[in-house]
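Enquirer: What follows is a predicted structure for the sequence shown.
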Amino acid sequence: VMCLMMALGLAYSIFPDIVIGKLDIWESAASTASLEFALIGTAIAVPMILIYTAFIYKIFYGKSRPLSYE
């Protein structure tokens, strides 16, 4: 928690500038078309991954036994 708070404090202190005096967050961002393309790809891929993971958990649920050396 402490490391997260320190990272957030550092990010807040230099917020608009990535390289102080040279480059800010808005200049370093990709174009709007690229960001929209990435958003659409993510909106398609993440639900597919979650559905596949749930499907696999359902298939393999209860098929293994606890490990025992007896």
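Expert: In hand now; what should we look at?
Enquirer: Find the nearest non-adjacent residue to residue 38, please.
Expert: residue 30 (7.9 Å; CB to CB, 6 or more residues apart in numbering). No exception for glycine: its C-beta is placed from N, CA and C like everyone else's.
Enquirer: Low-confidence stretches in the chain?
Expert: Applying pLDDT under 70 to the chain picks out residues 18-21.
Enquirer: for it, what's the longest helix?
Expert: In the chain, assigned by DSSP state H, the helix with the most residues is helix 32-60.
Enquirer: Can you spell out which helices and strands pack onto the host helix or strand of residue 7?
Expert: Per DSSP states H and E: residue 7 is located in helix 2-13. Using 3 or more CB pairs under 8 Å, 6 or more residues apart in numbering; DSSP states H and E, no helix or strand is in contact with helix 2-13.
Enquirer: So which residues make contact with it?
Expert: With CB atoms under 8 Å, 6 or more residues apart in numbering as the test, helix 2-13 has no contacts from any other residue.
Enquirer: How far does it sit from its chain's centre?
Expert: Relative to its chain's centre, helix 2-13 lies at 18 Å (CA atoms, centre = their mean, to the nearest Å).
Enquirer: With residue 30 as the reference, measure out to residue 36.
Expert: Per CB to CB, to the nearest Å, residue 36 is found 10 Å from residue 30.
Enquirer: With residue 16 instead?
Expert: When residue 16 is compared with residue 30 (using CB to CB), they lie 17 Å apart.
Enquirer: do residue 43 as well
Expert: Distance from residue 43 to residue 30, by CB to CB: 17 Å.
Enquirer: same thing with residue 62?
Expert: Counting by CB to CB, the gap from residue 62 to residue 30 is 46 Å.
Enquirer: Neighbour count for these two, which is higher?
Expert: Shown here are residue 62 and residue 30; by other CB atoms under 10 Å, residue 30 has more neighbours (10 against 6).
Enquirer: where does that one fall, phi/psi-wise?
Expert: The phi/psi pair for residue 30 (degrees, to the nearest 10) reads phi -70, psi 170.
Enquirer: do residue 23 as well
Expert: phi -140, psi 130.
Enquirer: partner residues bridging the closest residue to it other than its chain neighbours?
Expert: Nearest residue to residue 23 in three dimensions, chain neighbours excluded: residue 17, at 7.1 Å (CB to CB, 6+ apart). Beta-bridge partners for residue 17, by DSSP bridges, are residue 24.
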